[in-house]
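>>> Structure for this input, please:
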Amino acid sequence: MTASITTATPARVRSLPVLLATEDDAEDMGLLAPDDRLTCHVHGRWIHQCVASPLHVSPVTRHRWCRDCRTELAVAVDELSLTVLMSCPRCGHGGSAATTQLTTACRASLAAEREARQAA
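As a prediction, this is how the structure comes out:
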């Protein structure tokens, strides 16, 4: 079982490069689950900025995947209202625990990026 630290509400505002490095280290030490990251180690961006990439789709874990339709979920990220929606383009559903966790991480990523920009 992996322990998890929460980066959704950092003690202090961190820039993207600092948070990327911090999350990489925490994940490597087993203190942060990969699904709880606010940043993407593959793309080097905030998770909400690259979640629509095909690399973030997994039929196995059901991240951004509709099991019933066997279809990749569509993603809509609104940076002004801090909303993230994922749904199946065929049936309109496609939710899973994994996709809910990814949506939550994206919302926290949006908030963290906004906080970092305001602090800069």
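
>>> Phi first, then psi, for the closest residue to H43 other than its chain neighbours.
Of all residues beyond its chain neighbours, the one nearest H43 is C50 (4.1 Å), with distances taken as C-beta to C-beta, 6 or more residues apart in numbering. For glycine as for every other residue, the C-beta is placed from the backbone atoms N, C-alpha and C. Torsion angles at C50 (phi, psi; degrees, to the nearest 10) stand at phi -130, psi 10.

>>> can you count the residues close to C50?
18 (other C-beta atoms under 10 Å).

>>> So it sits against H41, correct?
No - counting by C-beta atoms under 8 Å, C50 sits too far from H41 to count as a contact (10.6 Å).

>>> What are the buried residues along the one helix or strand in the chain whose mean pLDDT sits lowest?
The weakest-scoring helix or strand in the chain, judged by mean pLDDT, DSSP states H and E, is helix 97-119 (a mean of 92). Residues 98-99, 102-103, 105-110, 112-113, 116 are the ones in helix 97-119 that count as buried (16 or more other C-beta atoms under 10 Å).

>>> what sits up against that helix?
With C-beta atoms under 8 Å, 6 or more residues apart in numbering as the contact definition, helix 97-119 has outside contacts at 7-10, 13-16, 19, 35-39, 46-49, 51, 56, 58, 61-65, 73, 77, 79, 82-86.

>>> quick one on the thing from earlier: next up, the contacts around the residue nearest to H43.
Taking C-beta under 8 Å, 6+ apart as the test, what C50 contacts is C40, V42, H43, H56.
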